[in-house]
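Enquirer: got a predicted structure here, sequence first:
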Amino acid sequence: MATIKEIAALAGVSRGTVDRVLNHRGSVNPETARKIEKLARELDYKPNRAGLVLAAQKKRLKLGVILFSLENPFYIDVLAGVNEKAQELAGYNCTVSVKLIASQVEAQLAAIDCLMEEDVSGIAMAPFNDERIRKRIDALHDQGVPVVTLNTDIEHSQRIAYVGSHYTRSGATAAGLLRLMTHGQVNVGIVTGSSNILCHTERIAGFCKALEPYRDSIHITDTVEVHDDETESYEKTGQLLAIHPEINALFFAAGGVCGGCRSVTAAGRQEQIRIIAYDKVPTTMDLVRQGIISAVICQQPKLQGSRPLAMLFAYLTTGELPEKEHNYVAVDIRIRENIT
């Protein structure tokens, strides 16, 4: 097992430089830092965990969390997971600052700026799949501020890990449920959040691909974006049903489920339309109990809130990357007979 002294000799730098890189104690030239990190991985460098955790207690780490607005009730449970982990980390002199944002890229960028002004050491966030966010995550990485994405991921960024659903598989699961719960000619309307959020587009991609072998009998009619907003979902789902009266199935790929289902009942079509949705939030559970929603797919929101903070704390105190880059939560299917 390598020592800091050996890594310093191989990298051609001082032991202090290696210590700063491996223990995140100051700025180092990004190219030098990458070289040191590569040597540490290749030589299986293992820091003194007990000593580093003790050092972290004295250092008073601060972690940041960025979530979408609690208007999407799914994030209420995610926040509960964040708060539970924050209470645990408080025993190590580690505090957590949470920012709840509107569904806008500019709001997310502003939240990152705010957290950096608060001098956070790492950030857990549900990112927009946007080039500006990707560049900011990469810049944070170069500054020595690790990012763990949660609930939704971002492609080709330098975030250190992702915690959440395997969304293409989750979308395929929804397709399988719909296929089992329908018969004859099925015309599906898709209600999604935003094409700028990766988990929404991946769910739809998985859903559509899984239905390809059945396209003679199951047809995707149209897709509307409602930005996880209940009022917008009510209006646009109603318009969708009016334009396409042949729709007899709905796939809610994101939030806005309650508003969309209200438009179904307002049209008196709750007996004719099979509905598949996500997340075991109170309003959705009530709709399952009433038989308006046929099935929901759940995704362990509390774990999505707590685990990224655990990963960031471990990385910042030991320098070790998470064991896995993609940390998928379990797929949990709920119907009226097993909803609680």
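Expert: Structure received.

Enquirer: where along the stretch 101-250 of the chain do the strands fall?
Expert: For the stretch 101-250 of the chain, the strands defined by DSSP state E, counting those that start in this stretch occupy 122-125, 147-150, 161-164, 186-192, 218-225, 249-252.

Enquirer: just the mean pLDDT for the fifth one, thanks.
Expert: Confidence over strand 218-225, taken as the mean pLDDT, stands at 97.

Enquirer: could you list the low-pLDDT ranges of the chain?
Expert: Screening the chain residue by residue with the criterion pLDDT under 70, one finds the ranges 1, 24-26, 47-59.

Enquirer: got the CA positions of the longest helix belonging to it in PDB?
Expert: With DSSP state H applied, the helix covering the greatest number of residues in the chain is identified as helix 301-318. As requested, the backbone C-alpha atoms of helix 301-318 are provided in PDB (Å, rounded to 0.1, in the frame of the first residue of the first chain):
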ATOM      1  CA  PRO A 301     -37.000   8.900  -2.200                       C
ATOM      2  CA  LYS A 302     -35.600   9.000   1.400                       C
ATOM      3  CA  LEU A 303     -32.600   7.000   0.200                       C
ATOM      4  CA  GLN A 304     -32.100   9.400  -2.700                       C
ATOM      5  CA  GLY A 305     -31.900  12.200  -0.100                       C
ATOM      6  CA  SER A 306     -29.600  10.500   2.400                       C
ATOM      7  CA  ARG A 307     -27.200   8.500   0.400                       C
ATOM      8  CA  PRO A 308     -25.600  11.300  -1.600                       C
ATOM      9  CA  LEU A 309     -24.700  13.100   1.600                       C
ATOM     10  CA  ALA A 310     -23.200   9.900   3.000                       C
ATOM     11  CA  MET A 311     -21.100   9.600  -0.200                       C
ATOM     12  CA  LEU A 312     -19.900  13.200  -0.100                       C
ATOM     13  CA  PHE A 313     -18.900  13.000   3.600                       C
ATOM     14  CA  ALA A 314     -17.000   9.700   3.000                       C
ATOM     15  CA  TYR A 315     -15.200  11.200   0.000                       C
ATOM     16  CA  LEU A 316     -14.300  14.400   1.700                       C
ATOM     17  CA  THR A 317     -13.000  12.600   4.800                       C
ATOM     18  CA  THR A 318     -11.200   9.700   3.200                       C
END
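
Enquirer: now the element after that helix, going C-ward?
Expert: Next along the chain after helix 301-318, taking DSSP states H and E as the criterion, comes strand 326-328.

Enquirer: for the closest residue to residue 327 other than its chain neighbours, list each beta-bridge partner.
Expert: Nearest residue to residue 327 in three dimensions, chain neighbours excluded: residue 163, at 4.6 Å (Cβ to Cβ, 6 or more residues apart in numbering). (C-beta placed from N, C-alpha, C; glycine too.) The partner list for residue 163 in beta bridges (DSSP bridges) reads residue 150, residue 327.

Enquirer: what sits against residue 163?
Expert: Neighbouring residues of residue 163 by Cβ atoms under 8 Å, 6 or more residues apart in numbering: 148-151, 303-304, 307-308, 311, 327, 329.

Enquirer: please apply the same query to residue 212.
Expert: By Cβ under 8 Å, 6+ apart, the contact set of residue 212 is empty.

Enquirer: how far off centre is the longest helix of the chain?
Expert: Once both centres are worked out by Cα atoms, centre = their mean, to the nearest Å, helix 301-318 turns out to sit 13 Å from its chain's centre.

Enquirer: over to stretch 23-39?
Expert: Per Cα atoms, centre = their mean, the displacement of stretch 23-39 from the mean C-alpha position of its chain is 28 Å.

Enquirer: show me which positions of that stretch end up buried.
Expert: Within stretch 23-39, the residues that qualify as buried by neighbour count (16 or more other Cβ atoms under 10 Å) are 23-24, 28, 32-33, 35-37, 39.

Enquirer: burial of residue 216, as a residue count?
Expert: Residue neighbour count, defined by other Cβ atoms under 10 Å, stands at 7 for residue 216.

Enquirer: tell me how far it lies from residue 184.
Expert: 11 Å (Cβ to Cβ, to the nearest Å).

Enquirer: same thing with residue 66?
Expert: Look at residue 66 and residue 184: by Cβ to Cβ, they are 45 Å apart.

Enquirer: who's more crowded, these two?
Expert: Between residue 66 and residue 184, residue 66 has the larger neighbour count (other Cβ under 10 Å), namely 22 against 7.

Enquirer: would the more buried one count as being in a strand?
Expert: Yes. The assignment for residue 66 (DSSP: H, G, I helix; E, B strand; the rest coil) places it in a strand.

Enquirer: before we move on, the earlier item: same list (the contacts of residue 163) but as CSV, adding neighbour count and distance to residue 230.
Expert: Putting the contacts of residue 163 into CSV (neighbours: other Cβ atoms under 10 Å; distance: Cβ to Cβ, whole Å) gives the following:
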residue, neighbour count, distance to residue 230
148, 24, 29
149, 23, 26
150, 31, 23
151, 26, 19
303, 20, 25
304, 26, 22
307, 22, 28
308, 34, 27
311, 25, 32
327, 18, 30
329, 20, 25
